[in-house]
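Novice: What follows is a predicted protein model with its sequence.
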There are 2 protein chains.
Amino acid sequence: MDKVSTRDAAVALDAADILAPLRGEFTLPDGVIYLDGNSLGALPKRTAARVQQTIEGEWGQGLIRSWNDADWIGLAHGIGDAIAELIGARPGEVSVGDSTSVNLFKVLSAATALQKAGAPSRTAIVSERSNFPTDLYIAESIAAASGLKLCLVEADDLADQLNSDVSVLMLTHVNYRSGRRHDMAATSRLAHAAGALVVWDLAHSAGALPVDLHGADADFAVGCGYKYLNGGPGAPAFVWAHPRHTGRMDREGLRQPLSGWLGHAAPFDFTPSYRPAAGIGRFVCGTPPIVAMRALQCGLEVFSEAKVKGGMDALRVKSMALTDLFIERVEQRCAGRGLELVTPRDRAERGSQVSFAHADGYPIMQALIERGVIGDFRAGHAESGEANLLRFGFAPLYTRFVDAWDAAEALADVLESGLWREPRFGRRAAVT
Amino acid sequence: MDKVSTRDAAVALDAADILAPLRGEFTLPDGVIYLDGNSLGALPKRTAARVQQTIEGEWGQGLIRSWNDADWIGLAHGIGDAIAELIGARPGEVSVGDSTSVNLFKVLSAATALQKAGAPSRTAIVSERSNFPTDLYIAESIAAASGLKLCLVEADDLADQLNSDVSVLMLTHVNYRSGRRHDMAATSRLAHAAGALVVWDLAHSAGALPVDLHGADADFAVGCGYKYLNGGPGAPAFVWAHPRHTGRMDREGLRQPLSGWLGHAAPFDFTPSYRPAAGIGRFVCGTPPIVAMRALQCGLEVFSEAKVKGGMDALRVKSMALTDLFIERVEQRCAGRGLELVTPRDRAERGSQVSFAHADGYPIMQALIERGVIGDFRAGHAESGEANLLRFGFAPLYTRFVDAWDAAEALADVLESGLWREPRFGRRAAVT
């Protein structure tokens, strides 16, 4: 794509964009440019009516009968199949429910247990120091309980850490701060060469860019329903395990520890002893949140609409064009204002967000939000050299080129005018 | 209450019932007598509009800002406070989120860890053989991981099992099959006398009858949002811990293992190491399911309406009158038809459901449902001497005396007519 040097050129890109009509699938507030879909995705127009029908029809009128009549019991796997299409998994391999944190606990427990059974000398869980904290906290808990050590390293040092001591490598595919994307296939290959298993958190990649779990020969994955999948605040998360592992768990009796009744091979037999379901079914735990599952299902249906327009590959092309445009414009319009690009310039290393470091990121973002551009702020930790960040997510389903243009202009205005220095925006510094 | 010997007398009871208007708070389908609120509670009328507002207003228009502007971030504890009122806990002691199974994993892990630290010679988790399976499966998992044994005994033998070997006694307050209620205070006292901690599952008691966790000096509790609390299918569950334990966990660094980011003392500092929040806050894990939380909040508001009419105490009186009436009428009208009352006749030992054993319970319940009376069937396990059960839940917020009367009549008709023997109702026998 040539550089976009006028707002009219950005408008023209939207007019020519085959994906542009998908924005019409969403409700977005007037007067707002929403660049925080990496934190909470926008509301699909179909969701409200569908949830209403689930509440008034299926719950209110159908009552308990809807577990069968409305196939509530099949939702965890039905929605899982829709997610599987986006992440390079096969039908029947993905289950939906619980939170990302809980699902991470399941897969990381399963992965470390598999290694303990087959390679007990491996004592380390390795992850990235700036991985999303919940991932690190869950890993810390599992490491403490199972006598493993948790080794946190910088992304650039990962390859050096993958040795015969490593049980599991646990990474988030796209870093929540920097927007940097790991090469899933290459990293999985390195981990496997060292004898480690790999757990991928797809929170910032499922629905944002093409993911190919089988192509990368990954071992386990989890992901989030409320970011790029647009499932609503706190939407159910998902979990995937390579069939070679669920099969091995069958033979060797290995389990994930959250052995709730709906992960039983025959839950309605109500037997007193647990017998895990085959395949991914054993990663289901308690009764699934039906109303929330219906909302997530609506989010995934929008991806079905996108499929005929090129699907995730087309969305990725748009995402790169949007983030390129935003980076270029911000760097041109805000030069000398203290912003530093943190997200990789190399498209292959980029997710679907753009982060700029600025010491006064907090008040700048507050002023920008007042101007109608919603991104977010992530505080850095001074002691680990982390910067304060302005984050901008570009969900390619509903973000326009003109939004990227206008957001850059607004940021330039905020910085030039010094608006952000007004006391009402606060002065929150890095966390120390 | 005198025996109710005519339908008109039942109608008169409803007319005189100060709680009767609460039924108007619910949507119930025409032509149905719903006696399965112990499995899935009915839909409060206010829920659909509130959820709509949460979806279209808070999510659609407010987007990420609603975490603060609509206090999404405070919901887990705000709804927890509403539940606390119903179960004899104090404000700030209850948190809402995740499923009952997941919450049970948290508290049972915490309880066994506390005992391991203070009384490492204790090696048994004791529970009731006919406890709800998910409780047993979770206990089985924790026992296996921590080198404990899981001892399942009959309810009548519990007292004999409480010795110096017991780490934790884990019970469901009201048994899901029989509707038999444990004496929470007496049982907790026995357990404590033996040096054990007690974990109570309130799935069939929260909202069904008065619960007094502090009065009973209980240690930990979990419960379900979608049964008597009417929070919707798969509604978030809740968790309570006595402050003496959360305090001890502070001092000794003990944790529950599902250490997700929202259980951190300062989640938005995004520090790489976990530091548990004070009190019940450390039992929160991942991002809470906001849409589902709003629905649960509506269910709890109906209990606020009930408060001015006597609250849980008044609901308990009605529940006992309803179940008395149903038992009397069924035994009178269905004598000699093979039904056997499984629920205790003694009110003090009864929850808010009535179960009858019948070998052909499955086709009988199917025929009854076709007649518009919705209860449910729970298969027994022949090898453990369990019977096939017909279950009838009497949620006192919305069940009328005339419903109890009419349901007994319908059951009598089904049994007398032999309708249930028609092949379309099936012949499902006990699970063996």
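Specialist: Yep, it's here. The structure presented is a predicted model; accordingly, all values stated were derived computationally and were not measured.

Novice: Show me what the lowest-mean-pLDDT helix or strand in chain A is packed up against.
Specialist: Least confident helix or strand, chain A: helix A:243-252 with a mean of 84, by mean pLDDT, DSSP states H and E. For helix A:243-252, the elements it packs on are helix A:100-118, judged by 3 or more Cβ pairs under 8 Å, 6 or more residues apart in numbering or on different chains; DSSP states H and E. (Each C-beta comes from the backbone N, C-alpha and C, glycine too.)

Novice: Now do the helix it packs on, average pLDDT.
Specialist: Mean pLDDT, computed over helix A:100-118, is 96.

Novice: Which other helices and strands does the following helix or strand past that helix contact?
Specialist: Next along the chain after helix A:100-118, taking DSSP states H and E as the criterion, comes strand A:124-128. Judged by 3+ Cβ pairs under 8 Å, 6+ apart, strand A:124-128 is in contact with helix A:133-146, strand A:149-153, helix A:158-161, strand A:166-172.

Novice: try it again with 6 Å
Specialist: helix A:133-146, strand A:149-153, strand A:166-172 (3 or more Cβ pairs under 6 Å, 6 or more residues apart in numbering or on different chains; DSSP states H and E).

Novice: Mean pLDDT added to the ones you listed, as a markdown table?
Specialist: Listed next are those as a markdown table, based on pLDDT from 0 to 100:
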| stretch | mean pLDDT |
| --- | --- |
| helix A:133-146 | 95 |
| strand A:149-153 | 97 |
| strand A:166-172 | 98 |
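
Novice: So for chain B, which of those sits nearest?
Specialist: Among those, helix A:133-146 comes nearest to chain B, with 3.6 Å by Cβ to the nearest Cβ.

Novice: low-confidence ranges in the stretch 301-432 of chain A?
Specialist: A:428-432 (pLDDT under 70).

Novice: Residue A:278: neighbouring residues, count only.
Specialist: Residue A:278 is flanked by 13 other residues according to other Cβ atoms under 10 Å in any protein chain shown.

Novice: And it, how far from chain B?
Specialist: Note on residue A:278: its distance to chain B, by Cβ to the nearest Cβ, to the nearest Å, is 16 Å.

Novice: For residue A:217, which non-adjacent residue is spatially closest?
Specialist: With Cβ to Cβ, 6 or more residues apart in numbering or on different chains as the criterion, residue A:217 has its nearest non-adjacent residue at 5.5 Å, and that residue is residue A:188.

Novice: pLDDT score assigned to that neighbour?
Specialist: 98.

Novice: close enough to count as contact, it and residue A:216?
Specialist: Yes - using Cβ atoms under 6 Å, residue A:188 is in contact with residue A:216, at 4.9 Å.

Novice: tell me the SS of the residue of the stretch 201-350 of chain A found nearest chain B?
Specialist: Chain B sits closest to residue A:286 of the stretch 201-350 of chain A, with a gap of 2.8 Å, by Cβ to the nearest Cβ. Classification of residue A:286 using DSSP: H, G, I helix; E, B strand; the rest coil returns coil.

Novice: Just give me the neighbour total for it.
Specialist: Using other Cβ under 10 Å: residue A:286 sits among 26 other residues.

Novice: same question, the one 3 residues further on
Specialist: Counted with other Cβ under 10 Å, the burial measure for residue A:289 works out to 32 neighbours.

Novice: OK, contacts around it?
Specialist: B:234, B:289, B:292 (Cβ atoms under 6 Å, 6 or more residues apart in numbering or on different chains).

Novice: Whatever helix or strand residue A:198 lives in - which strands sit beside it in the sheet, and in what orientation?
Specialist: Assigned by DSSP H and E, residue A:198 falls within strand A:197-201. Looking at strand A:197-201 with DSSP bridges, its partner strands are strand A:166-172 (parallel), strand A:220-223 (parallel).

Novice: Kindly reformat the ones you listed as JSON lines containing distance to residue B:239.
Specialist: Output for the strands paired with strand A:197-201, formatted as JSON lines (distance: least, Cβ to Cβ, whole Å):
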{"stretch": "strand A:166-172", "distance to residue B:239": "26"}
{"stretch": "strand A:220-223", "distance to residue B:239": "22"}
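
Novice: among those strands, which is the most enclosed?
Specialist: strand A:220-223 (a mean of 30; mean count of other Cβ atoms under 10 Å in any protein chain shown).

Novice: What's the mean pLDDT across that one?
Specialist: Strand A:220-223 comes out at a mean pLDDT of 98.

Novice: How about residues contacting it?
Specialist: Contacts of strand A:220-223 (Cβ under 6 Å, 6+ apart): A:100, A:103-104, A:107, A:111, A:199-203, A:206, A:213, A:238-241.

Novice: Excluding residues flanking it in the chain, which one is nearest residue A:142?
Specialist: residue A:108 (5.3 Å).

Novice: now swap in residue A:294 and tell me
Specialist: Closest residue to residue A:294 apart from its sequence neighbours, by Cβ to Cβ, 6+ apart: residue A:54 at 4.5 Å.

Novice: Can you spell out which residues form a bridge with the nearest residue to residue A:59 once chain neighbours are set aside?
Specialist: Nearest non-adjacent residue to residue A:59, counting by Cβ to Cβ, 6+ apart: residue B:43, 5.2 Å away. Beta-bridge partners for residue B:43, by DSSP bridges, are residue B:27.

Novice: Tell me how many other residues surround residue B:43.
Specialist: 27.

Novice: Tell me who's in contact with it.
Specialist: Neighbours of residue B:43 in contact, by Cβ under 6 Å, 6+ apart: A:59-60, B:27.

Novice: out of the residues you listed, which is most surrounded?
Specialist: Busiest of those [other Cβ under 10 Å] is residue A:59, holding 28 neighbours.

Novice: Just say helix, strand or coil for that residue.
Specialist: helix.

Novice: could you list every residue that touches it?
Specialist: Per Cβ under 6 Å, 6+ apart, neighbours of residue A:59: B:43, B:232-233.

Novice: Tell me both backbone torsions, phi and psi, for the closest residue to chain B within the stretch 1-150 of chain A.
Specialist: When scored by Cβ to the nearest Cβ, the stretch 1-150 of chain A has residue A:99 as its residue closest to chain B, at 2.8 Å. Per-residue torsions, residue A:99: phi -100, psi 170 (degrees, to the nearest 10).
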